[in-house]
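Q: here is my input; please provide its structure:
(2 chains)
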Amino acid sequence: MASQEKRKVAVTGIGLVTPLGNDAPTTWANLQAGKSGAAPTQSFDASGFSTTFSAEVKGFDPETALLNPKLLKYASRSHRFALAAAAEALADAGIAPTDADSHRWGLAVGAGMMSVGYDDLKVVHDHATDDGVFDPDRLADPEFPANPVNFCRWQSNAGLGLLTKQFGIRGYATSVHTACASGGQAVGSALKAMRRGQCDYMLAGGFDSMINPIGISGFCLLGALSTDNDNPTGASRPFDKTRNGFVLGEGAGFLVLEDWDKAVARGATIYAELAGDGNSLSCFRITDSPPDGNGPIQAIEQALAGAGIDSNEIDYVNAHGTSTQMNDKSECAALKHVFSGRVDEVKVSSTKSSMGHLIAAAGAVEAAVCCLAIRDSIAPLNANYGELDPDCDVNLVLGKPQPGRIRAALSNSLGFGGSNSSLVFRNPEEVNS
Amino acid sequence: MNARDEKIVFTGSGIVCGAGARVEDVWSTLLSGKTSVAPFTRWDGEKWPVKVASEVKENNRTLVPDRKLHKTISRTDMFGIYAAEKAVENSGLLEHREGLDEAETITFNDRTGLIVGSGGGCYASNYDYLPLIHEAKGDLHVFGAELSNQVTPMWLLKNLPNNVLCHVGIRGQFKGTNACITNQCASGIMAVAESASAILNDEADRIIAAGHDAPFEPEMVLYYHKLGLMSGEAPRPFDQNRNGTVFGEGAASVTLEKASEAAARGATILGEFLGWGCCSEATGVLDLDPDGDGVKRAIAQALNDAGLAPADIGMICAHGNGTPASDLSEAIGIRHVFGDDIPPVTGFKWAYGHLIGASGIADVVMTLEALKQKTLPGIATLTSVDEEIGVFPVSREATAPRTDKALVICRGFGGMNVAVIVQA
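A: As a prediction, this is how the structure comes out:
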């Protein structure tokens, strides 16, 4: 498709389940109030791990949050967050697939990596090992308590299967995983599918939950998590000189995307235009970020070009800002390059300072935060900041959220493995319909 | 989506599966009628209800010589890296890049994309935690405290679903648009289709698309068996006596480029990408629509995208996984679109098993070869076509495609259906 005029895509619905709240209004209110989602880990005994705290979703009751209890047994914890956040987003948009248009509805999700639950692994251990050594014959024994339902939960597109079924989405559907960039990449994939005419409506988002013994182990082994066990709420301090790792969060975020003209025609409330996405590979190292920002720079520039705007129009950046030494330095180098003389004017914050790192859900949740920031003309706080790092001297939102109209916002997601995703959202008032 | 200024061509391909590690070897297997499905050797299958698979036979260092790299990748990644780098080598892109100056090289790298379809992970990788669980005796405090003494610090890195994307990217410095698609069976074929769309939309000038998976492992075999999806022998797509599928493992890859760029550098053209369709049947994780609704819609979308009529299609490479429900609904879906004028149909899972995340892209690679050879390999395990399917143009023997265009169908969990149309 040779597209001279790019199709405009509106964000008309938002749904969130995060460590700061089990819906979008609660999350947004707690983010503005400067609350932290981090606390000692409650869902299992984490006392022996090098990191004993995390940013868990709290008081989430799947029975009341979900419309279809029958699907629950097939849903892992992250799928349950996804189903609840997606339902909220659709309700917020006031629109849902119908028999007449369900084939024009699409789904793009950033799904967490397959991590078999500790309980399922324990079953393998208890029934199919000798002294901790796996014995395949005992797995094949008719006595082995095989549970195909659990098996279905760990399939890579199980979340996609549950979401399409729950909401009757019958068009294009994709599931992506580029580690910490997954959620942003899913929203970007959705924009691409909309722009090439594959869908008129899309549910786009991400979901993840790695706060379990196996999930948290991978990060502990890598030394990627903050070990400030005596100060969980202050541990995530993106761009601070003393930052020492990220805080693991969990949750889901979903956006309803809609053809702009259709949204206007039905009188929908439009949060923002999803205007551009950029997508690059750093090709540096698997876990390290390029110190000069080479990689993230291309993603940001592509997103601006896709949005058809200049970097001068960006008033707020929701940074990836994981609170690891390398990421934050690399990201700031990229921001300095892209914004050049304006880098002292563009407000920057990482909301991971408040809600932790939601891994595959992070980019989608932060995309939603950008939309809410545009709607309310307020830049969220970069919490827990204390000491200046000369490599990270960007214009951080410190102390409290900063009011001010946002013409356009940029959301960055930079993943393990070097996948970079940038999204540009424009204030609807800036968009000529 | 059908008014196209720019043609998208294939300029390289690579494959590794139980039937071989070169396109010509896999092609020989398809023509020979001899399946690569055989009693498996990874573990002793004597007490197992399923005793066969199509295993990759090449050793690790033959596929990926870099000894150090093996410390940070898993078996599926090894397949993916091998196939992707074969597709790159086969396309001559690196030789072309060597002739560029420094500024041109930077642009070339920034405009070279990489889209990978990944199986997403396996069960057995988690067994690295079993000795720790044993030592901790169910006490999570001990589990946490002893973690770093028992499990490699590289565990997470070895098991990232996007490892092939990372490593092929770093090794080749392909810095452009990228994705890692984890959509179970649909992953690999979607990598091909998304690559073509990305180039058409000018997000890149060329993209390497790869798909890889290693589903053959004990728990996958066990649960597929429990779900009634496994056969004890090479699959028999569309056959009266078909009774399930069998796992293969491996990867496949293609290089896609703007036709104008490929022509300018004098690349060998393997074929052209014409269009695609993709939809969900909204039936949940395992179920599918018995009426083939998604198959029908995916094919119709692909024809529309390519600007073609059903009569233009010269052959169909079906998903044909050999399970009763999938094959029947697939045939119904095909009939919905083609009526009584169905072009010759084949499927390759009888030969190399079901590669799950890599199955669709492997089928694309071998379909391009079939068009080039003007030969449609038969389904060697076919004895008689399922009566419920009715008259259906599958055959044991090789036949000829009726035109130079082929339809490839790929189906997966989540009610996924993807259709791709290629020409060669």
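Q: wait, residue A:279 sits on residue A:187?
A: No. With contacts counted by Cβ atoms under 8 Å, residue A:279 stays clear of residue A:187, the gap being 11.0 Å. To be clear about C-beta, it is placed using only N, CA and C from the backbone, and glycine gets the same treatment.
Q: quick one: which of those two has more around it?
A: Comparing residue A:279 with residue A:187 by other Cβ atoms under 10 Å in any protein chain shown, the one with more neighbours is residue A:187, at 33 against 30.
Q: how near is that one to chain B?
A: Distance, residue A:187 to chain B, using Cβ to the nearest Cβ, to the nearest Å: 12 Å.
Q: which strand or helix spans that residue?
A: helix A:182-195 (DSSP states H and E).
Q: now that helix: mean pLDDT?
A: In this model, helix A:182-195 carries a mean pLDDT of 98.
Q: state the pLDDT value of the residue of the stretch 301-433 of chain A found nearest chain B.
A: When scored by Cβ to the nearest Cβ, the stretch 301-433 of chain A has residue A:417 as its residue closest to chain B, at 3.5 Å. pLDDT recorded at residue A:417 is 87.
Q: residues in contact with residue 57?
A: Answering for chain A, as no chain was given. A:17, A:18, A:19, A:22, A:81, A:209, A:250, A:251 (Cβ atoms under 8 Å, 6 or more residues apart in numbering or on different chains).
Q: you answered for a different chain; I wanted chain B.
A: So residue B:57 contacts residue B:18 (Cβ under 8 Å, 6+ apart).
Q: one step back: the residue of the stretch 301-433 of chain A closest to chain B should be in a strand, yeah?
A: No. Per DSSP: H, G, I helix; E, B strand; the rest coil, residue A:417 lies outside any strand segment and is coil.
Q: and residue A:363, how far from residue A:178?
A: Remark: distance between residue A:363 and residue A:178 (Cβ to Cβ, to the nearest Å) = 9 Å.
Q: repeat that for residue B:293.
A: In terms of Cβ to Cβ, residue B:293 sits 31 Å off from residue A:178.
Q: would you mind measuring from residue B:325 to residue B:289?
A: 10 Å.
Q: what mean pLDDT would you report for the helix or strand containing residue B:180?
A: Assignment of secondary structure by DSSP H and E places residue B:180 within strand B:178-181. Here strand B:178-181 scores 97 as its mean pLDDT.
Q: now for that strand, which elements pack on it?
A: With contacts taken as 3 or more Cβ pairs under 8 Å, 6 or more residues apart in numbering or on different chains; DSSP states H and E, strand B:178-181 sits against strand A:173-176, strand A:272-281, strand A:419-426, strand B:112-118, helix B:163-172, helix B:187-200.
Q: how far off centre is it?
A: 14 Å (Cα atoms, centre = their mean, to the nearest Å).
Q: centroid residue for chain B?
A: For chain B, residue B:358 is the residue whose C-alpha lies nearest the centre (Cα atoms, centre = their mean; 2.4 Å).
Q: who's in contact with that residue?
A: Each residue near residue B:358 by Cβ under 8 Å, 6+ apart is listed here: B:17, B:79, B:117, B:119, B:187-188, B:211-213, B:249-252.
Q: next, residue B:252: phi, psi?
A: Recorded main-chain torsions at residue B:252 are phi -150, psi 160, according to degrees, to the nearest 10.
Q: just checking, it touches residue B:210?
A: Yes. Using Cβ under 8 Å, residue B:252 makes contact with residue B:210 at a distance of 7.3 Å.
Q: intersection of neighbour lists for those two?
A: B:83, B:188, B:361.
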